[in-house]
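K.L.:
give me a 3D structure for the following:
(one chain, ligands or ions: 1)
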Amino acid sequence: VKYIDGNLRAEGKKFGIIVSRFNSFIAERLLEGALDTLTRSGAAGDDIEVARVPGAYEIPLVAGKMAKSGRYDAVICLGVIIRGATPHFDFVANEAAKGIAQVGMETGLPVIFGVLTTDTIEQAIERAGSKAGNKGSECAAAAVEMVDLLKQLA
Ligand SMILES: O=c1[nH]c(NC[C@H](O)[C@H](O)[C@H](O)CO)c([N+](=O)[O-])c(=O)[nH]1
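P.N.:
Next up, the predicted model:
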């Protein structure tokens, strides 16, 4: 059996991060988690760029631009959509998820889905650096791994 596994070393890899401002009290915690994981995995500060967008609905547009720019090895998408507070939760969440997935498929670049879609603020806080971990950190690790895996499959 030949196993192909992506490593978790980020040296020399370039990352684009998109984080939405909506629910920034929580979204910024996801960004902190992602930056912490990338830098501790060896990524250089100069190899990480962060773009902020108004809300999760705008993420796919910017993810597409970043992915097609050729400037990044991976794009990490971070946002927070909370059903209780979102009259049009399903539209925003569905379009964000679909749009982000489409960018990855279209470009062949790792485009990581780090948009929290929760029923309550409590659940979002749990996933942004408290008892359920930090989704931003998890997505950063996924990005590092996917870059190496795809390089091995090239
Ligand atoms: O990222 C979010 N955007 C939200 N809406 C804004 C949306 O992403 C767009 O920015 C807006 O519709 C303008 O296009 C949210 N709510 O509606 O509550 C939300 O919970 N999270």
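K.L.:
contacts, neighbours, all on C-alpha from now
P.N.:
OK.
K.L.:
residues near residue 36, how many?
P.N.:
15 (other CA atoms under 10 Å).
K.L.:
interface residues of this protein facing the ligand?
P.N.:
Neighbours of the ligand within the chain, by CA under 6 Å from any ligand atom: 20, 22, 54-58, 79-82, 85-86, 88, 92.
K.L.:
if we use 5 Å, what do you get?
P.N.:
For the chain, the contact set with the ligand under CA under 5 Å from any ligand atom comprises 22, 54, 55, 56, 57, 81, 82, 86.
K.L.:
can you pick the most crowded of these?
P.N.:
residue 81 (28 neighbours).
K.L.:
not counting sequence-adjacent ones, nearest residue to it?
P.N.:
Among residues not flanking residue 81 along the chain, residue 117 sits closest, at 4.8 Å (CA to CA, 6 or more residues apart in numbering).
K.L.:
is it true that the one you found touches residue 84?
P.N.:
No: assessed by CA atoms under 8 Å, residue 117 is found out of contact with residue 84, at 10.4 Å.
K.L.:
so between those two, which is more surrounded?
P.N.:
Shown here are residue 117 and residue 84; by other CA under 10 Å, residue 117 has more neighbours (20 against 11).
K.L.:
the more buried one and residue 134, how far apart?
P.N.:
Plainly put, residue 117 is 14 Å away from residue 134 if you go by CA to CA, to the nearest Å.
K.L.:
again with residue 144
P.N.:
Relative to residue 134, residue 144 is positioned 16 Å away (CA to CA).
K.L.:
show me what contacts residue 5?
P.N.:
Neighbour list for residue 5: 145, 149 [criterion: CA atoms under 8 Å, 6 or more residues apart in numbering].
K.L.:
can you classify it as helix, strand or coil?
P.N.:
For residue 5, the assignment made with DSSP: H, G, I helix; E, B strand; the rest coil gives coil.
K.L.:
so for the residues of the chain next to the ligand, which is the shakiest by pLDDT?
P.N.:
For those, the model is least confident at residue 86; its pLDDT is 71.
K.L.:
in stretch 73-80, what counts as buried?
P.N.:
Judged by neighbour count using 16 or more other CA atoms under 10 Å, the buried positions of stretch 73-80 are 73, 74, 75, 76, 77, 78, 79, 80.
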